[in-house]
Structures are given as C-alpha cells and as structure tokens.
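*Asks:* heads up, no residue letters with this:
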C-alpha cells in the first residue's frame, strides 16, 4: 500500500498564500487507510485553512471533494464541473494523484498536500514500514521472503554489513537488520549455508535506475 | 457503557436497606427489587454475556426467575451491624468495592480497569482455586497488555500445586515458580512488548499498599453464589483490606455484581447513583427501535481493518463470504459488528478512517442538550460586555464519559427547571448557550468539529475530564492533555491569538461538590470575559 | 625512469606469503587538498609497516581521495593499500578506479561496503550501493584473472591486484560473520583486516571457527589493533560505534589510568602479543587515526622491527 504523510501546515500555508479560492481533494484509496488524506483529514485540513483564511482575510473560499481514487481520470473528471472559479487545488493524494489532477487541470497550480513516503505495510506498533522498493525484479524467494533491497539500508544482496549489531541496523532507531532477519529465518529451516551463495551484481535496469518504468501489467 | 438488553438492574437483599437502595436508584434507572426472606436461596445463576438470570427458590419451594444485567446485593441490617461492631477504626468510611468477574469476565476488563494504573486480581475462594488462579492469570495478562501493572494474589498455597505450575509454564513459558510465593506480578515489558511474570512473597495487604493498587478485581467461579455467602467471605476480605484503603478507589462500571456490604452504605449508594447516571447500570433503550451497536455503512467501508484491530471486545470482524469464493476465502465487502460481543465503547467509530461507522449513542445524546441549556443558569442574567446585545454567547462543553457526564447530570438534577422552552437562558442582554459534546474520552474530541465550532464563533470551549494518572490522554502532566495544548498552539498560530480553552479536571470524589466547582469555573470564566458575576 | 608504472612486486603480499608476521597501518586523509600531511605521516610510518592503507571517505565524510592519497604515499616510498567503498561509486566508476590504480602501480585494494552516509557530514547525499563488498571483490577478481569487465567485455591489459577485505568478528551472531568471511574468500579475497580487537575471547572464537572451516589456510588474517586515546573514547566506542565490541575491563583500565598514552601503548602491545599467539593470525593492522605518531613505539615495543622494507624506496 502507498503510505503518505501530510505536509506540515506551515508548508501548506506557504503554498496557498497567494490564492483566493481553493479546492481540497482527498482520496478514498491508500491515503484513507494510512489516515493522511482521507475524508476526516481532508475536512480537518479544510477547517484549518478556513480558520487561517478567515484571520488573514485572504482566502475567500475553500471547498473540498473526495474522490474514489485520485489516480483514475474517470473518478476525478467530475471535479471539473462542480468547482468553477477556483484558482488552485490542494491534493491530498499520493504523488500519482497530484499528477493526475495536474493533467486534468492544466491551467491550475496543483499543490501536493502530502509527502508520499513508501510502499509499505502496517507494523505491530501501528506505524507503517517500507517493504517494497518496486525494483522491478523480485527475488524474495532467494532471501527467505524478506526484501533486502527495501529493508536493508544499503540494499545489500550479500549482507549483512559490518555495522549490523545485535540484530539492528547501524542506522539505529531500533530498525532491524534485514540480513539478521534473513539469517534467523534460514537458521530455523537449517538453510544457513544458502547464504554462502554469492549473489552476483544486480541488474538495476529494471529499477528506477533504468528510467521511469512502464508496464502493461503482463510480462 | 451500554448494556445490550432491556433487563433491569436487580437489587437483591434482605430487609430495609435493599428497599432503600431501590428507591434511590429507581429514579435514575430501571430497577427491580428482589427481597429475600431468610429461608430463600439463590439456587443458580446463568446468563449470556453480561447478563444474569437469578433463579431463586423461595422458602415454599416456589422458584422464580429474575433476569438482570446488574446485580446489587444489599445485605440486611444484622450483617451490617455485625460489621460495624467489628470495624473499630473506620473513620474514612471506605470499604471494599469489589466486583465479580463472571465466566465471560475477560470481555469486561477494559472497562473495569479504565483509569487504573495498578490493579489487583484476588483469588480467595475455596472452590476450584487452581482453575481460578489460572483464570486470574489470564485476566491479569489481558490487563497487563494494556500497560497496567497487575498483581494476582491468593491466600491459598495454590501456586505450589503441580497443576498450577504446569498451567503457568504453558501460559508463560520459562517462568520459574518460587516456593512460598503468594503473589504474582504481571506486567508488560515495554521494550519487547511481552508479558512478564514475576513472583513475590509478601502479605497481600502490604503488597496492595506498596504497589498502590487502585482497582481490585475478585475472580470467582460461575457456580459460586453470586454474592458473599455469609460473613465468612466478608471476614476474609476484611483481613486483606483494612479500612485504610485509598479513598476514591474507582468503582467499576461493569454491569456485574456489586456488594454493598460496607458500613458506609450511604456513600456506596451515592456512588451508585452517580454511576447509574452515567448509563452504566441503565439497560439500553430500544424503544425507538434502533439497535444500540454502531452501524457500519457497507458503501463506505474499505476493509482497512482498523475497527477489527481496535475493538477490545473482538466484536468488529470481517465475515467470510463463502458463497462468493470459488476457492479459499472471500470476505464480505464490509466489516461487521457482532451484536452479542459489542459493548458500545465506540472506539471503532473514531478509528474508522472512512467514517463508515455511525455512533449508536447520538440518538440518545441529541435529546440531552436541550435539557442542559438549563444548566446555563450560572450565567443567567449577566450582561456580557464582550457581546453585542443580539449576539449569543456560545460555549462548547466537551465532557468525557467517565466524569464529565456525571458532572453535568449532577448539574441537571439540581438545575432542571431553570431553562426556557427554546433552550436558551438569560435575559435579553446576554444569552448564553451551551452545547454539550459527549465523548468517550476527552482525547477523542473531534478536531474537525472543534475547529468548526471555533470558526463559527464559539467563544470558549470548556473541557471536563476525570483526573486519573493512567488516562492515556494525559501523559505526564495532570494539568492539560497534550493534544489540547497542541491544538491550542496550532489554532493560536493561525488566528494569532490563543483560543479560550478551559480545561477542568476533577477527581471522582470532587464531582460530589460539583456544583461549587462549576460555580468557580463559571466565575473565573465570566471574569475573563470582563463581566461581574453576582451570586444572587 | 617512469615515475609511476605498473609493478609486479607487492611488499604486503610478499611479507604475508613469506610467513613473516606482517604489519599494516592506515592514514586518514585530510579534509582539504594539502597532500603534505599524507606524505609526512607516510615518512614517519614507512619503516613501521609493510603497507599503509589510505581510507576512502571514512564514515562518509568527504576527504582527499584514497587513490590520490596512495599516489602521494608512493612518492615517499611507501607501499599503499587502496580502499574502495561501494557507497559513493557505481560499478563503472569502481572499475575505472581499479584500472587507474593499477596503471599507477597501486596493486593492493581493500574492498568495503562502506558506512551509511548518515554518519558523515553529507547525510543528504544519494547513496549508490550499486554493489556490495562481496560483489566488488568478485568483480576485481574477474578483472584480474579473466581480464573481463562486469559487462563481459575484455580488458586488454589486466590489472594485477592483491585483493583484501574487512571482517568484523564482533557483530552478532558470530557464525554469520564467519560465514561471511568464507563468502568473501570464495569471492576472491586474499587478505583480511579485522575490526579492532578489543575483546579477545570473541576474537579467539572467531579465529577458531574460521580455522575449522579452512579459511585461515586460504587467506591471511590481520588482526585490527586500535590504541585508545582516552577513557571517553573507550566508552564512546563501547556504546556508539556500530559493530564494535569493547570489553568492560578495557574501559575501566583507561578510567583508572594516570598516563593515558602509556596505557594505550601498553594495551596495544599486549594485544599484539596475544593475537600473535592465536593460530591463523598472519599479522596486525594498526589503526591510530589522528594519533599515528604513537605507532612507531608500539611496533618497536611489540618487537616487530624490522619490516620487509628496511630501506624506503626512493622516488626519482
């Protein structure tokens, strides 16, 4: 799932300060589940903007809308009709949503209200952690189901590095060392010797290093 | 906490006292009285989750059945006088408040321990002590998982029996059982999020005071009499709990069995009145045909699993839809709340990011504000220099369920007839209007609504909450919850001035002198507004 | 005579192969372009060690490059060891630097993954990590033995590199560290420089396990020795440095000492004497960053003089 966080309100203020009529668009997709761009958060942000707008007598009109998914043109097209006279859009969708809106409203500035963080899943502590880097060539079957490219700070394929200590990554913050996790898993199934196999230098062309990717969904 | 049926609160006892309690409580809540004669016996008690069905065999062999969701046992005079005679130094007049956790007791634990930091689970029975001890440990683990330190204590040497030890090893592997131990501490090891178990050997009362226990749970078997059989149990517990127990130890709101066996029965009754006012003893009203559990709108539900994860009673779930699955499992397209498990805490309502869950309480609560406009008599007739004559002084009041609601009900009882039909109070010059917002906990205040209120001109927000160290929304400071400070700052940054937030926090005992408290708050508030308040 | 040329002799390799207890040390390049510092240190240490490492942007702080530092060292007659990390360069740059090093007569390379840039003075930098240390070792080996780039293209004039790597016997679990050492040796590592040995028992265990797997027969292990500058440094390393194990007794020694310099030298000498006795240890790698002047005395008191090159090679 795509995880995003809302930008600090000061940053949003600086984006909106020269505008008079704003549309805030949330999304019922991933950002609702990670509670950064859902209906609740959209309403809250609208109220904050209105409060600020009232005080400064700057922003006269703040409206908002929720769409099923901001990344689908069909779902955002209805926005063209309902909101005349707006001079900016604040998107509470992930980076894809912002760009889809930008395509639909070429004459308007589209401001990103969120920072898209990662592809991840919920951790037992209730926060979200990165699990996938969309590297384009999944090798999870070779690493006991734990992705070293997204979960190792150095994306090592023959880890761990010398900084791994007590199962933690040298980056600290209690982050686990992905290779320590892989090792433990292999230990349980007596497959530690698998680690002797040298993973050759990786072809990064399938990842973002090869340029922006396209896909038909099939191979 | 709402209960699920229409069954009343049942007051059971011998003699005048039970009658007295019945008369007092019947004002607030649907009660029934079951007066027992000397040769009556309560034969058995069955019940679904949370409910009881007493079967009473009268002296002449007639058997009657009394369903109830709450039992309040009131002993007769002779027991009370016996206790009085033996309570030499009970100045504070506090006795033991204790609750039976019935066979489904695990589900009530969150409410039971709401506001506690240290809980004690006591096993004092003679029937099946081993099973009870194991169950007590389970309950303790549930409590500990919520970050509340818990002691399981017993006077019996059950810990040393092989059965208990085996059971302990299964439940808590690696635990080394100490000989001579009489108490077990169960707590959450924060760093590793594991439940830890350790042994102590200490006299139970000392342990309780040393550990500053603030909630006592007694674990009993279902088959046992639902109320203390005789003086024997009372004696035992008196030994454990000398009169110097902490005042204000919270009475739980669990519909369970309350024993009013203390000398200061008056105080007990007062407590019950207060609690009954907070709906804990009230059976849920189904007159208007609505269900009392929150409703999920399938169109909005995104199956994000938040409600499933947050529900402390495992009531929220996602049901499999085997019809649709060609293989494996497929789920229904929305989450579902199991009616029999739901206790109405409504955590799911706030947790749902898609706002798909509607509160069941709103229907009841909407009726209340009209009554409470009368409570504005504090401010009645006072000119307000800050307002123009036509402007209404809007004050938003946010109360948490625990204490705030009690507080305002107190006010209501005393001020009921002061309001005008249209819900406003005051003279032509100043009109004060209160808007009451009920919250499960002060921390769940709806930020959107709060901001909206301020934007639309609420000139002040009063927050009432209870003073408990363990409230998760208070953190280290008892003065004001962190989130309120953050909100204040945020709004201050935007509006260039601090919003008028008043935060009032009262300990349970302090609500008794609530009227005075609110008067002080009101005076303070009016002074801030630059108005002279006259007590007349 | 050409100042720099590909050479075939390699002092470090020779010393290790002859079975002499070898000594290497390292110099941390300055954070400016004044190369005199390196040469100055080089001159001081020329007789203490068989070869001297020049670190590569250690702890992700931008410094004078290792390659340039090695060239500067050569000019004062010292055999340099080039260090290469994978953090800052991709395979193209790494291969290019290998060719460049070989052309300049630098024929010993220590292959490292590299500390994360979070620890340095440019935490916002993009990190590369195109390869890890093991892939780097394998790459250089292929360049040397097969004359092939990673792409498969042929290298007309093959670089002849003596390949080294680092090892950390002090991270957990130790079995994994030994396994990784084996992996590095399989990939082509010929000599190993370990992290500072500040806990003898663990090092001993590690060496035993390595010997059991036959690793000490296949590669040369140089035990890391780091003189400690102060009690605070000891504590800091104990608590803050990733992958370092410092024993409590060492910390206490420094806390009680009245002459830190002496304690440091004493401890280093003692450690050298101990590791010398451990089977499989082919030498020591003395790390005294920003305190290099202490090294000659340590080498002297540990009885490690003279080194392979009694007389420094004089530059033209």
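*Replies:* Structure received. Predicted, not measured: the structure shown is a model, and the values here were computed from it. Residues are numbered from 1 along each chain as shown, chains lettered A, B, ... in the order given.
*Asks:* in stretch C:208-226, what counts as buried?
*Replies:* Of all the residues in stretch C:208-226, those buried under the rule 16 or more other C-beta atoms under 10 Å in any protein chain shown are C:209-211, C:215-216, C:219-226. In this view, the C-beta of every residue, glycine as well, is placed from N, C-alpha and C.
*Asks:* Of those residues, which is the nearest to residue C:74?
*Replies:* Proximity of the buried residues of stretch C:208-226 to residue C:74 (C-beta to C-beta) peaks at residue C:222, which lies at 21.0 Å.
*Asks:* I'd guess that closest one is in a strand, am I close?
*Replies:* Yes - assessed by DSSP: H, G, I helix; E, B strand; the rest coil, residue C:222 belongs to a strand.
*Asks:* Tell me if I'm right that it and residue C:26 touch.
*Replies:* No - judged on C-beta atoms under 8 Å, residue C:222 makes no contact with residue C:26 at a distance of 11.2 Å.
*Asks:* Counting neighbours, what do you get for the residue of the stretch 201-350 of chain B found nearest chain A?
*Replies:* Nearest to chain A, among the residues of the stretch 201-350 of chain B, is residue B:304, at 4.3 Å (C-beta to the nearest C-beta). Number of residues near residue B:304 (other C-beta atoms under 10 Å in any protein chain shown) recorded here: 22.
*Asks:* Now for it: which residues touch it?
*Replies:* A:32-33, B:352-354 (C-beta atoms under 8 Å, 6 or more residues apart in numbering or on different chains).
*Asks:* rerun at 7 Å
*Replies:* A:33, B:353 (C-beta atoms under 7 Å, 6 or more residues apart in numbering or on different chains).
*Asks:* pLDDT wise, what is it at?
*Replies:* pLDDT for residue B:304: 82.
*Asks:* lowest-pLDDT helix or strand in the chain?
*Replies:* In the absence of a named chain, chain A is used. helix A:39-56 (a mean of 81; mean pLDDT, DSSP states H and E).
*Asks:* wait, I meant chain C there
*Replies:* For chain C, judged by mean pLDDT, DSSP H and E, that is helix C:231-240, with a mean of 81.
*Asks:* pLDDT (mean, whole number) over the helix or strand following that helix?
*Replies:* Downstream of helix C:231-240, the first helix or strand assigned by DSSP states H and E is helix C:248-256. For helix C:248-256, mean pLDDT rounds to 86.
*Asks:* Counting neighbours, which bits of helix C:248-256 end up buried?
*Replies:* Quick answer for helix C:248-256 (16+ other C-beta under 10 Å): C:250-251, C:253-254.
*Asks:* Mind giving me the packing neighbours of it?
*Replies:* helix C:231-240, helix C:260-277 (3 or more C-beta pairs under 7 Å, 6 or more residues apart in numbering or on different chains; DSSP states H and E).
*Asks:* Give me the helices and strands touching the last one, please.
*Replies:* Applying 3+ C-beta pairs under 7 Å, 6+ apart, one finds that helix C:260-277 makes contact with strand C:220-225, helix C:248-256, strand C:281-286, helix C:295-301.
*Asks:* how about a cut-off of 6 Å?
*Replies:* strand C:220-225, helix C:295-301 (3 or more C-beta pairs under 6 Å, 6 or more residues apart in numbering or on different chains; DSSP states H and E).
*Asks:* so where does whichever residue of chain B sits closest to chain A fall, helix or strand?
*Replies:* For chain B, the nearest residue to chain A under the criterion C-beta to the nearest C-beta is residue B:451, separated by 3.8 Å. Using DSSP H and E, residue B:451 maps to helix B:447-455.
*Asks:* what's the answer for residue C:288, then?
*Replies:* Taking DSSP H and E as the definition, residue C:288 sits outside all helices and strands.
*Asks:* which residues does it contact?
*Replies:* Counting by C-beta atoms under 6 Å, 6 or more residues apart in numbering or on different chains, residue C:288 touches C:227, C:294-295.
*Asks:* Redo those residues as CSV? Include neighbour count.
*Replies:* Listed next are the contacts of residue C:288 as CSV, based on neighbours: other C-beta atoms under 10 Å in any protein chain shown:
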residue, neighbour count
C:227, 25
C:294, 16
C:295, 25
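*Asks:* Just the closest of those to chain B, please.
*Replies:* Nearest to chain B among the contacts of residue C:288, with distances taken as C-beta to the nearest C-beta, is residue C:227, at 35.3 Å.
*Asks:* Could you measure from the closest one over to residue C:286?
*Replies:* Applying C-beta to C-beta, to the nearest Å, the value for residue C:227 to residue C:286 is 8 Å.
*Asks:* ok, now residue C:199?
*Replies:* For residue C:199 relative to residue C:286 (C-beta to C-beta), the value is 17 Å.
*Asks:* who has more neighbours, these two?
*Replies:* residue C:286 (30 against 18).
*Asks:* My guess is the more buried one contacts residue C:223. True?
*Replies:* No - the criterion here is C-beta atoms under 6 Å, and residue C:286 misses it with residue C:223 at 9.7 Å.
*Asks:* and residue C:228, what does it touch?
*Replies:* C:234, C:264.
*Asks:* and it, that's in a helix?
*Replies:* No - assessed with three-state DSSP, residue C:228 is coil; it does not lie in a helix.
*Asks:* ok so, going back, could you take the helices and strands packed on helix C:248-256 and lay them out as a markdown table, with extra columns for mean neighbour count?
*Replies:* Shown next, in a markdown table, are the helices and strands packed on helix C:248-256 (neighbours: other C-beta under 10 Å):
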| stretch | mean neighbour count |
| --- | --- |
| helix C:231-240 | 15 |
| helix C:260-277 | 18 |
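*Asks:* can those go into TSV with extra columns for distance to residue A:48?
*Replies:* As requested, the helices and strands packed on helix C:248-256 are arranged in TSV below (distance: least, C-beta to C-beta, whole Å):
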stretch	distance to residue A:48
helix C:231-240	41
helix C:260-277	58
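*Asks:* Between these, which one is closest to residue C:108.
*Replies:* Once the helices and strands packed on helix C:248-256 are compared by C-beta to C-beta, helix C:260-277 is nearest, at 21.4 Å.
*Asks:* Name the residues that touch that closest one?
*Replies:* Residues contacting helix C:260-277 (C-beta under 6 Å, 6+ apart): C:200, C:223, C:225, C:227-228, C:230, C:257, C:281, C:284, C:297-298, C:301-302.
*Asks:* Could you do stretch C:76-96 as well?
*Replies:* C:11, C:39, C:42-43, C:46, C:51-56, C:66, C:70, C:73, C:101, C:106, C:108-114, C:127-132, C:136, C:149-150, C:312-314.
*Asks:* Span of that stretch from start to end?
*Replies:* 25 Å (C-alpha to C-alpha, to the nearest Å).
*Asks:* Mind listing what's buried along it?
*Replies:* Buried-residue list, stretch C:76-96, by 16+ other C-beta under 10 Å: C:76, C:78-89, C:91, C:94-95.
*Asks:* same deal with stretch C:142-161?
*Replies:* So, applying 16+ other C-beta under 10 Å, buried residues of stretch C:142-161: C:142-144, C:149-150, C:155, C:159, C:161.
*Asks:* how about the residues of chain A that lie near chain C?
*Replies:* A:153-156, A:158, A:161-166, A:170-171, A:183, A:195-196, A:198, A:201 (C-beta under 6 Å from any C-beta of the partner chain).
*Asks:* Just the buried ones among those, please.
*Replies:* A:153-156, A:158, A:161-165, A:170, A:183, A:195, A:198, A:201.
*Asks:* from these, which is closest to residue B:486?
*Replies:* Of these, the one sitting nearest to residue B:486 (C-beta to C-beta) turns out to be residue A:153, at 31.6 Å.
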